[in-house]
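A.B. asks: Give me a 3D structure for the following:
(chains A and B)
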Amino acid sequence: MSATRVSLALAAALWVKSEPADACSCVEPEPEMISPSNVGLAPINARVRVALPGPGTGAGQHQIVLRVRGGKAVPVQRRESVVSSRVYVELLPEAPLAPDTRYEVAVVVKDRRPGTLVFGTFETGTETDTAPPTGGKLGKPAVYKTSPWSGTSCSIGSPWVSIPVTAKGSDPGHAGARSLYAVWVADAGGRVDTRAPATTFLAPVEGALTLGKTSYCDPDDFPLPPRGRLTIGVALIDEAGNHGAVQRMVIDVSAARAHPPRRR
Amino acid sequence: MRAALWALGLAACAAPSARVPTRVSPKVDAGPEPRATPTASAKAAPPSLEIVLGGFAACLLRRGALHCWKRDAAVTPPLAKAVAPMPGLDGVTRVGFGYGHVCALAKGGRVFCWGENEYGQLGVGSAEARRGAPERVPGIEGATDLAVGLFHTCALTGDRRVTCWGWNRNGQTGSDTEYAPAARELVLPEIVPGLTGALAIHAGRNHTCARTPRGWECFGSAQFESQRARIGGQSPEPAPVEDLAEFASLAMHDETACGVTSSGVACYGSGAFSLLVDRPMRTERPIPVAVAGATSVAVGSYHACAITQRGRVVCWGLDTDGRLGRGRVIEGYEPNPPEEVAGLSGVRSLALDATGTCALTVKDELYCWGALPHLPADPQAPKASPVRIAVE
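C.D. replies: The predicted structure follows:
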């Protein structure tokens, strides 16, 4: 079984498991729809992005399905990135989606009853979106480190990064869509390859992007190194996969400073 | 002022694991071998009077009109005059409370729901997380029974099938598809496959049961060892439950249930430890409760009560707040064995809340005891004995 299949199997296993992770009473990890956002109408060339809990081991067999509501599965190409405890899956329909149609996104697990979890839905319009989003300028990243015992038993000591959004972005192809950023980790030579699957997707919360695990219960677990530098490329990306200008930034994890306890 | 009473600030929805009240108006299971009970006509026509207590509100069902008010509203009796009937709901025969939602079975067997909708428990195909006013559940006409679970709802259709909607993590809607909150707008009633000839339905938190000519058939989480051995921990497929074979009726609250059996009363479920003197943490089969001549039973969070053939009321379980009606408050967390509530007779139906109890007599007199913030007369002071509350 490939690493990807193993991780996805665990995603299913975690869905099956209905207990909090520990005494910290974290919300049970669930598959999460990232985009389309189900706000307004999605373009017919939309991609579907989801985040799944994982990776790990598990024998469950399952699949992520994009289908017309109550209908057949849509043929897709799937690509994904595994980021510590999450798997980001991008489904690229092999043909344009049907216009004015409601779709649903589901996890299907063969060895569980109920065997299907529909965790996302969206409706298409009639347009194809080829215009990249604009704006969405980011400020200088700040690296924080929360003390393991700084006010909550859910605090952890690992570093995390806050990147302020200094200029609001807009998507001419889907004005109402949720603003979303793709993050690529640069290779050893510092190059950012935007043709590769994004390492993760981030939506601004309270005017900033947060990269890394801020508390024990934070589902995001971006693998920041414990020290040293990390180069990333960040770009506003729309539901059809068009992205704006890539903003390259170097994160110095060694410069992490204390931050008041926070939980997401 | 009257209108303001139905500005229900419905409780914020907690995780489905929360142990909270779910209530439906009293009913009895009509079947091939049911016992005669005081509420046998509940489905035929709107009852003259019923009261239902929920965790966040209470409703009075009076000749087909539904009067509902917020749990902590300062209602001054008589209740039916203090609270205006809900507009748009006629011929209501049943009403039930989930954790944060309410559903009513109205004229023509139509179902209306309102309140929290995080898991699509309203069944109206809405992306909204709550609805403040009753909305008709589409596609249901001629329904004859209603079962409101903590986060899901079921209706018994005119052709004796069961249709359910809402939270389905354990298969309690009988469907093989679960909808996450992000997809709740897709949730609509679905007929439970393979379940026919249903006569009555009951819904808890994680499981649902229907009475059929073949016996009790349940779906969702397995309640008994015999089920677990056969279906595993859970299944959306209705399957006969032999452990309930002796049950003539059933009353569910959360994951606790009690019923009238051929030999008295028996209870089971994860919350039964607060009801049963021998305090099992998990019941692998129904545990008998010593109540002679019971004709119906009602279950609360920490206590249960039965009506006997003489129209008397017997209660057992935890008594904090005086909910057992024993004339004094018995503190502590030891379940108390069944004992008759003094001073009550001619009782035909019961309504239980986490902290209190109400009884309606054949003369439509309402008596309540315990701590009931829904009701007037100094709700802070527990009444350990029945107090009559004027209705009209």
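A.B. asks: got the residue ranges for the strands in the stretch 1-150 of chain A?
C.D. replies: Ranges of strands within the stretch 1-150 of chain A are A:32-35, A:48-53, A:62-68, A:76-83, A:86-93, A:102-109, A:116-123, A:134-135, A:142-145, based on DSSP state E, counting those that start in this stretch.
A.B. asks: Deepest-packed of those strands, please.
C.D. replies: strand A:48-53 (a mean of 24; mean count of other C-beta atoms under 10 Å in any protein chain shown). In this view, the C-beta of every residue, glycine as well, is placed from N, C-alpha and C.
A.B. asks: Smallest gap between the stretch 1-150 of chain A and chain B, at which residue?
C.D. replies: Minimum separation of the stretch 1-150 of chain A from chain B (C-beta to the nearest C-beta) falls at residue A:119, amounting to 3.9 Å.
A.B. asks: quick revisit: how about the strands of the stretch 1-150 of chain A, which one is nearest residue B:77?
C.D. replies: For these, proximity to residue B:77 was assessed by C-beta to C-beta; strand A:116-123 is nearest, at 47.1 Å.
A.B. asks: Adjacent strands (with direction) for the closest one?
C.D. replies: Strands adjacent to strand A:116-123 in the sheet, as given by DSSP bridges, are strand A:102-109 (antiparallel), strand B:177-179 (parallel).
A.B. asks: could I get those strands as JSON lines with distance to residue A:84?
C.D. replies: Putting the strands paired with strand A:116-123 into JSON lines (distance: least, C-beta to C-beta, whole Å) gives the following:
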{"stretch": "strand A:102-109", "distance to residue A:84": "20"}
{"stretch": "strand B:177-179", "distance to residue A:84": "26"}
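A.B. asks: could the ones you listed go into a markdown table alongside mean pLDDT and distance to residue A:65?
C.D. replies: Output for the strands paired with strand A:116-123, formatted as a markdown table (pLDDT from 0 to 100; distance: least, C-beta to C-beta, whole Å):
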| stretch | mean pLDDT | distance to residue A:65 |
| --- | --- | --- |
| strand A:102-109 | 94 | 5 |
| strand B:177-179 | 97 | 11 |
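A.B. asks: where does the nearest residue to residue A:32 once chain neighbours are set aside land on pLDDT?
C.D. replies: Among residues not flanking residue A:32 along the chain, residue A:51 sits closest, at 4.5 Å (C-beta to C-beta, 6 or more residues apart in numbering or on different chains). On pLDDT, residue A:51 comes in at 91.
A.B. asks: likewise residue B:2?
C.D. replies: So, for residue B:2, pLDDT stands at 36.
A.B. asks: One more: residue B:342?
C.D. replies: 96.
A.B. asks: Hmm, it is touching residue B:385, no?
C.D. replies: Yes. Contact criterion C-beta atoms under 8 Å: residue B:342 and residue B:385 qualify, at 7.0 Å.
A.B. asks: Give the residues shared as contacts by the two.
C.D. replies: B:325-327 (C-beta atoms under 8 Å, 6 or more residues apart in numbering or on different chains).
A.B. asks: Can you turn the buried part of those residues into a ChimeraX selection?
C.D. replies: To isolate the buried members of the shared contacts of residue B:342 and residue B:385 in ChimeraX, using 16 or more other C-beta atoms under 10 Å in any protein chain shown:
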select /B:325,326
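A.B. asks: Restricted to strands, list the shared contacts of residue B:342 and residue B:385.
C.D. replies: Using DSSP state E to define strands, no part of the shared contacts of residue B:342 and residue B:385 is located there.
A.B. asks: Provide a list of residues in contact with the residue nearest to residue B:323 when sequence neighbours are not counted.
C.D. replies: Leaving aside its chain neighbours, residue B:323 sits nearest to residue B:370 (3.5 Å; criterion: C-beta to C-beta, 6+ apart). By C-beta under 8 Å, 6+ apart, the residues touching residue B:370 are B:321-325, B:353, B:355-357, B:382-384.
A.B. asks: Going by neighbour count, which of those comes out on top?
C.D. replies: Within the contacts of residue B:370, most neighbours by other C-beta atoms under 10 Å in any protein chain shown means residue B:323, with 31 neighbours.
A.B. asks: correct me, but it touches residue B:304?
C.D. replies: No. Residue B:323 is beyond contact range of residue B:304, at 10.2 Å (criterion: C-beta under 8 Å).
A.B. asks: So for those two, which residues contact both of them?
C.D. replies: Joint contacts of residue B:323 and residue B:304 (C-beta under 8 Å, 6+ apart) are B:315, B:317, B:352.
A.B. asks: export those residues to JSON lines and tack on secondary structure?
C.D. replies: Supplementary listing: those in JSON lines, determined by DSSP: H, G, I helix; E, B strand; the rest coil:
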{"residue": "B:315", "secondary structure": "strand"}
{"residue": "B:317", "secondary structure": "strand"}
{"residue": "B:352", "secondary structure": "strand"}
